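1. Dropping the sequence and predicted coords here.
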Amino acid sequence: MVRIIPNRLKSNHGSKPASRSSSPMRGGTASTLVLRTTVLRGRNLAAKDKSGTSDPYLVVTLGDTRQSTPPISKSLNPEWNTNFDLPIAGPHCLLLEAVCWDKDRFGRDYMGTLEVIVEELFTSESTSQNHCGFAWSQNAPERKRRLNMSLEIFR
């Protein structure tokens, strides 16, 4: 998988990033911001098992921090309702990645990827909750695959 990251998100080796003034990375503050991520549910996920279902779970990564939801057995419409507090510790934490996997007895099957540019959550200059519904990148056929997450930033 090739990931294209906009130039404004790449490190400038010590200089201030050329991003919006509302970005938390500009001021060089000592306090760490936290991205509270609530993984709500998946809808119309791909069937990866022979039985026509999947055992989906989500791996959420922000910078060096990685968290995982529990797998939901035999479901194409899982309800996770799981919270993660992910630290926004620097410029390497500007991309939230969520990868959905199907849990198998001896391994896992890839189901899809979702990427959120964290910096864009700061455009409203508000730390209130943003409810996000995203289309899946894994071959969305006639019916759309969706993942619902809630994101909130706080100190």
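-> Looks like it came in fine.

2. What is the burial count for L95?
-> Other residues near L95 come to 17 when the count uses other CB atoms under 10 Å. Yep, even glycine has a C-beta here, placed from its N, CA and C like the rest.

3. and the gap between N77 and Q67?
-> Between N77 and Q67 the computed distance is 22 Å (CB to CB, to the nearest Å).

4. and T69, what is it in contact with?
-> Taking CB atoms under 8 Å, 6 or more residues apart in numbering, we find T69 in contact with 39, 57-58, 60, 80, 82.

5. Name the spans of this protein whose pLDDT lies under the cut-off.
-> The chain contains residues with pLDDT under 70 at 1-31, 122-143.

6. do that again at 50, thanks
-> 1-22, 24-25, 27-29, 128-131, 137, 142 (pLDDT under 50).

7. still on that earlier bit, neighbour count for N77 and Q67, which is higher?
-> Taking other CB under 10 Å, N77 and Q67 do not tie; Q67 has more neighbours (17 against 12).

8. Identify the residues contacting that one.
-> By CB under 8 Å, 6+ apart, the contact set of Q67 is 37, 59-61, 84, 86.

9. Can you flag the buried ones in the residues you listed?
-> Using 16 or more other CB atoms under 10 Å as the burial test, the contacts of Q67 include 37, 60-61, 84, 86 as buried.

10. TSV for these, including distance to D49?
-> Conversion of the buried ones among the contacts of Q67 to TSV gives the following (distance: CB to CB, whole Å):
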residue	distance to D49
T37	27
V60	23
T61	25
F84	26
L86	30
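
11. surely N81 meets T38?
-> Yes: N81 is within contact range of T38, at 7.4 Å (criterion: CB atoms under 8 Å).

12. If we ignore the residues flanking it in sequence, what's nearest N83?
-> Excluding the flanking residues, the one nearest N83 by CB to CB, 6 or more residues apart in numbering is T38, at 5.1 Å.

13. in the chain, which spans are strands?
-> Ranges of strands within the chain are 33-43, 56-62, 65-68, 79-88, 95-104, 107-117, 130-135, 146-154, based on DSSP state E.

14. Buried deepest among those strands, which one?
-> Ranked by mean neighbour count under mean count of other CB atoms under 10 Å, the strands of the chain are led by strand 56-62, which reaches a mean of 22.

15. what packs against it?
-> strand 33-43, strand 65-68, strand 79-88, strand 95-104 (3 or more CB pairs under 8 Å, 6 or more residues apart in numbering; DSSP states H and E).
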